Structures are given as structure tokens and as C-alpha cells.
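Asker: Generate a structure from the sequence data that follows.
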Amino acid sequence: MNIKDRLTGLVLIMVILSLTGCGMADQKDRETVNGYYVQQDIGETKEGMTAPEDAVDDLPEGIELQENETYIGTEVSTETDLGEPGSGYEDLRNDSREFVSLIRDDSRSFMPAFSSDSDQEESILGLNGKVSYYHYDSLNKEQKSVYREILKGFVSHDAKFRVDASREEIRDYYDRVMYDHPELFWVSSHFRYWDYGDYVMVEPEYNRTKSQRDRDQVKINQTVDRVLKEVSREKNQYDKVLYIFKYLIRTVDYKPDAADDQNVYSALINKATVCSGYARATQLLLQKAGIQCIYVWGYSFKGASHSWDILKMGKQYYQIDTTWGDPNYQNQHQPEIPEVLRYDYGYYCTDDKTMFKTRTQDQGLPLPSCTSMDKSFYVYNHRCFDKYNDKVRESIRKNIKDGKKYWHGQFSNKAAFEEMVKDVRSNLYGQYIYEIKGKGEKSAYIYDDIHYTIKLYY
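Answerer: Here you go, the predicted structure:
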């Protein structure tokens, strides 16, 4: 059977997309008849669209033009065998078709879905639970229905499924679902679609078969449960977020080209990933802990693509970057770095102004503004200083007397920060150690001239 016969009844335009996407040419004023483009008589002829007068003689067998229609030609792809009409696509076009939803527990059980009632759909898809999804919640009722069509297709692991959106809209909807749901570790950022005018057929790219997905889901659930057991012991949202931030930095290594590096499996199971894996794992754990979290994509100040998150505590949103929270400062020629200093808190719960010193944020989807620093590590823990004075110096002397092996703090301005850096470089605090302990000890310092933080340890 040739391609023309297989495509009878539908015009198919295949486009390979990624989340970075590509534009589509405008096809308004064109309709389809039996799988071929035709042009309605709209009062004027557009250059390049009207066929020669004798083109009608070349009409494929079975094509009958209506009054005021002109045959333009075909635009098909032979990359994928779509099968004959009725070989499953008609079922996919049925709005009330059944789907199955993955119940995310260790038993890997499945259950058939019920009707397409929106409240029931939201319930089985987890969209009306204790965590709100930023991109879903920003949509109106009709748009939410389209979003759910995509999410249902992913959860059901459908090879292809109908989405009631135009080709101009499909990328936006696809991104919203992917950016809201880090648990979709089996779904790639790449997909194909076929344009049918008032709807599209979507073919996602999956990195696992359904059985492989179910097997790996169990592993992820077990890891998440262990982490959440510890998180539940924390007294408030701030401490829950801090635990997850530190847990991922302690247990995950940054490794370019790691397997599954664009999803949570790499971070939670393989313990090796890149920024996307860190960000997705952060988002998943925070969501499971009942904290809204949004996946963010952009570029670092060096121009490399980068991913991080925005989370919500109380009524405020905060930027958080778990990847860059691990500074890897350890050096064999320095004293053992204390646990508390093994994290770069400059990327913990900051405002936009602070985070944007090191990156730009993609503007493809709307994101909330982050305007508060009240949950940043140094402000929250009263370790942010406006001045470098005797009060700061005495706090360091007290730490040394009390036997503490470190001191760390942040300054709210560059001038105060540079004053302390000058004293640190002159070994003032090495002298303090000698005066207090009566002997010299190896000491080291770390400072960050972006966030104005200083860490001393000895």
C-alpha cells in the first residue's frame, strides 16, 4: 500500500519539536480535502499558492474539489508509517476514550480511568491535591482540559494521542505539563505532532517502555519515601527546604553526560547528573513535601544553558539553585572543611535580583517574581551584616574560644565585605587563633564576591 492510500482522509504534517521548539509557517486560508491542501476562493490570489490552470488534470485519484477550491498539492512525510485509517487513530480521536493512570506506589498497580469529568480527572492525575501546579493553575477551564489531555497521554504511556490545540499552541501546552511535573521521568523533551486543523496528534518520545517505567518508578518511590521520612521531622517549611537542598548536594555528583541526566532518575537513583537532574529532583522532593516548586530554564552568565527552580513558602516565591549550591571547595592542602560550610547558601531562597547576577531566565512561560530575601540562609539565620566592625570581629573570637572550627557570614554591601576580606588576607584571624590557643594552626578562608559571603575554618 502506498503512502497516498495510507493518508487518505487526513492531511498529515510531521514536525519534530523539542522544548526549545521551532516556529511553524502560517497556513490560514488553507483547508484539507481527502488529504490534500486546497485553497478557498478568498477574493484574491496569493502568490505561490494557486496552481496552474491545468493542475486539475493532475488531481490524485479520488480527489473531488468543491466549488471555489483549487488543488495546491500534497505535503506529507514518509518518516513514520501511520497505519491505515481506523487502525487506532479513530479511537484516539474520541474525547471520551478511556485511559489508565499510574498509581505511584510500590505495588506499581494500575487502574482504569472513569469518565472525562474534569474533577475526576484532576483527582486521578493528582492536580487537586495538597500541592498546586503553577502553570496548570494559571490556565482557564478550557485550557486546563487541553493540559490534562497531554498529561493523560503521558501517564497512560500512549504512543500517540489527540490534543485539542492548534499547532501554534501545542508547544506551550507541552512545556507547561513538563515544567509542572518532574515525576514524568520517562517522557523526553522531544516530540512529534501532526496538524489536523482544529486539533493535533502528538507522538511523545519516551526513554523507556511502560514495563521499564514501572520498574524504575518503584525505585524512585522508595528513595522519595526515605527522604520524606527525614523531611517530616523538620519543624517548618524553611527547614524542610533546607534539608532537601543539603540532601541532594551531599548525595549527588555533578557529572556531564550522565545517564538519564535530564530527569529525576539520574539524581535520585544513579546519584550522578547535571543541572536538569538536580532541578527536577529538587522540584519532585519539594512537591512531595507539600511545597510548590517550579522548574526554571535559562542561561548562565557564561552563556551555557542552565536549569534551577522557584519555590513558594508562605505567600512569597524564592529562587533556589541546588546545582550551584555545591561549591566543591575541598582541597587536600586545607583543613577538613566542616559540614555546615560544604554548601553555597548564596543560591538558597534568594530574590530575582540576587539570582540574576549569575544568569538570565527564559521568558517562554510566565513565572512569578521573587522579591523577598527573608528566607535566604544568612538573613533567616541572622548572619547578614550591614557593617564590618568590632561586633563581627568579637563574634569570630568567641567562636575560636568556644572551640568551634568555623565562622561564616554575609554582608549586605560591597564596602563592608571588602573590609573584612582585607583583614582575612592579612591573617588577622590566624593571629586570633595564636593569641587564644597559644599556638598556630592551619586555617583557610573562602569568600564570594558575588554574594558577599565569607567562610573561615581552622
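
Asker: confidence score at residue 24?
Answerer: What the model reports as pLDDT for residue 24 is 34.

Asker: what's the single longest helix in this structure?
Answerer: In terms of residue count, the longest helix belonging to the chain (DSSP state H) is helix 210-231.

Asker: Name the spans of this structure whose pLDDT lies under the cut-off.
Answerer: Low-confidence segments of the chain (pLDDT under 70): 1-124, 126, 128-129, 328-336, 440.

Asker: so what are the domain limits for it?
Answerer: The chain breaks down into these domains under automatic domain parsing: 3-73, 89-190+198-207, 212-378, 384-457.

Asker: how about stretch 313-331: buried residues?
Answerer: Residues of stretch 313-331 classed as buried under the neighbour-count rule (16 or more other CB atoms under 10 Å) are 313, 316-327. For the C-beta atoms, the positions are set from N, CA and C on the backbone; glycine is no exception.

Asker: could I get those residues as a markdown table with distance to residue 259 and secondary structure?
Answerer: What follows is these, written out as a markdown table (distance: CB to CB, whole Å; DSSP: H, G, I helix; E, B strand; the rest coil):
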| residue | distance to residue 259 | secondary structure |
| --- | --- | --- |
| 313 | 33 | strand |
| 316 | 36 | strand |
| 317 | 32 | strand |
| 318 | 31 | strand |
| 319 | 28 | strand |
| 320 | 25 | strand |
| 321 | 23 | coil |
| 322 | 19 | coil |
| 323 | 17 | helix |
| 324 | 22 | helix |
| 325 | 23 | helix |
| 326 | 20 | coil |
| 327 | 25 | coil |
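
Asker: Nearest to residue 156 among the residues you listed?
Answerer: The shortest approach to residue 156 among the buried residues of stretch 313-331 belongs to residue 322, at 30.8 Å (CB to CB).

Asker: ok, the closest one touching residue 250?
Answerer: No - with contacts counted by CB atoms under 8 Å, residue 322 stays clear of residue 250, the gap being 11.0 Å.

Asker: Pull the number of nearby residues for residue 235.
Answerer: 7 (other CB atoms under 10 Å).

Asker: Surely it forms part of a strand?
Answerer: No - counting by DSSP: H, G, I helix; E, B strand; the rest coil, residue 235 falls outside a strand, being coil.

Asker: So which residue is smack in the middle of the chain?
Answerer: Central residue check for the chain by CA atoms, centre = their mean: the C-alpha nearest the mean position is that of residue 295, 3.4 Å away.

Asker: Can you tell me how far it is from residue 307?
Answerer: Residue 295 is 7 Å from residue 307, where distance means CB to CB, to the nearest Å.

Asker: now swap in residue 258 and tell me
Answerer: 14 Å.

Asker: swap in residue 317?
Answerer: Here the distance between residue 317 and residue 307 works out to 17 Å (CB to CB).

Asker: any idea which element residue 392 lies in?
Answerer: In this structure, residue 392 is located in helix 390-401 according to DSSP states H and E.

Asker: how distant is the helix or strand just after that helix from the center of its chain?
Answerer: Proceeding C-terminally, helix 390-401 gives way to strand 406-411 as the next helix or strand, assigned by DSSP H and E. In this view, strand 406-411 has its centroid 32 Å away from the chain centroid, taken as CA atoms, centre = their mean, to the nearest Å.

Asker: outside of strand 406-411, which residues touch it?
Answerer: Surrounding strand 406-411, the residues in contact under the criterion CB atoms under 8 Å, 6 or more residues apart in numbering are 338, 340-341, 346, 378-379, 383-386, 388, 392, 395-396, 399, 417, 420, 451-458.

Asker: go with 7 Å
Answerer: Under the contact criterion CB atoms under 7 Å, 6 or more residues apart in numbering, strand 406-411 has outside partners 338, 340-341, 378, 383-385, 388, 396, 399, 417, 451-457.

Asker: Can you say which of the residues you listed are buried?
Answerer: Neighbour-count burial within the contacts of strand 406-411 applies to 341, 378, 384-385, 388, 396, 399, 417, 451-457; the criterion is 16+ other CB under 10 Å.

Asker: quick one: which of these sit in strands?
Answerer: 384, 385, 453, 454, 455, 456, 457 (DSSP state E).

Asker: Including distance to residue 431, could the residues you listed go into CSV?
Answerer: Below are those laid out as CSV (distance: CB to CB, whole Å):
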residue, distance to residue 431
384, 26
385, 21
453, 22
454, 17
455, 18
456, 13
457, 16
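
Asker: And the helices in the stretch 101-250 of the chain?
Answerer: Counting by DSSP state H, counting those that start in this stretch, one finds helices in the stretch 101-250 of the chain at the ranges 118-124, 134-137, 141-156, 167-180, 210-231, 237-251.

Asker: Adding mean neighbour count and distance to residue 358, write these out as TSV.
Answerer: As requested, the helices of the stretch 101-250 of the chain are exported to TSV (neighbours: other CB atoms under 10 Å; distance: least, CB to CB, whole Å):
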stretch	mean neighbour count	distance to residue 358
helix 118-124	15	37
helix 134-137	18	23
helix 141-156	19	32
helix 167-180	20	21
helix 210-231	15	27
helix 237-251	19	17
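
Asker: and the ones you listed as a markdown table, adding distance to residue 363?
Answerer: Rendered in a markdown table, the data for the helices of the stretch 101-250 of the chain read as follows (distance: least, CB to CB, whole Å):
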| stretch | distance to residue 363 |
| --- | --- |
| helix 118-124 | 28 |
| helix 134-137 | 14 |
| helix 141-156 | 19 |
| helix 167-180 | 12 |
| helix 210-231 | 31 |
| helix 237-251 | 26 |
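
Asker: For residue 197, find the nearest of those helices.
Answerer: Residue 197 lies closest to helix 167-180 among these, at 9.1 Å (CB to CB).

Asker: List of residues touching the closest one?
Answerer: Under the criterion CB under 7 Å, 6+ apart, residues 17, 19, 21, 24, 133-136, 146-147, 150-151, 163, 165, 184, 187, 189, 191, 193, 195, 200, 202, 294-295, 364-365 lie in contact with helix 167-180.

Asker: on that earlier part again, report the angle between the helix holding residue 392 and strand 406-411.
Answerer: Orientation of helix 390-401 against strand 406-411 (axes from the mean of the first three to the mean of the last three CA atoms, to 10 degrees) gives an angle of 160 degrees.

Asker: For helix 390-401, name the packing helices and strands.
Answerer: In this structure, helix 390-401 packs against helix 428-437, with contacts taken as 3 or more CB pairs under 7 Å, 6 or more residues apart in numbering; DSSP states H and E.
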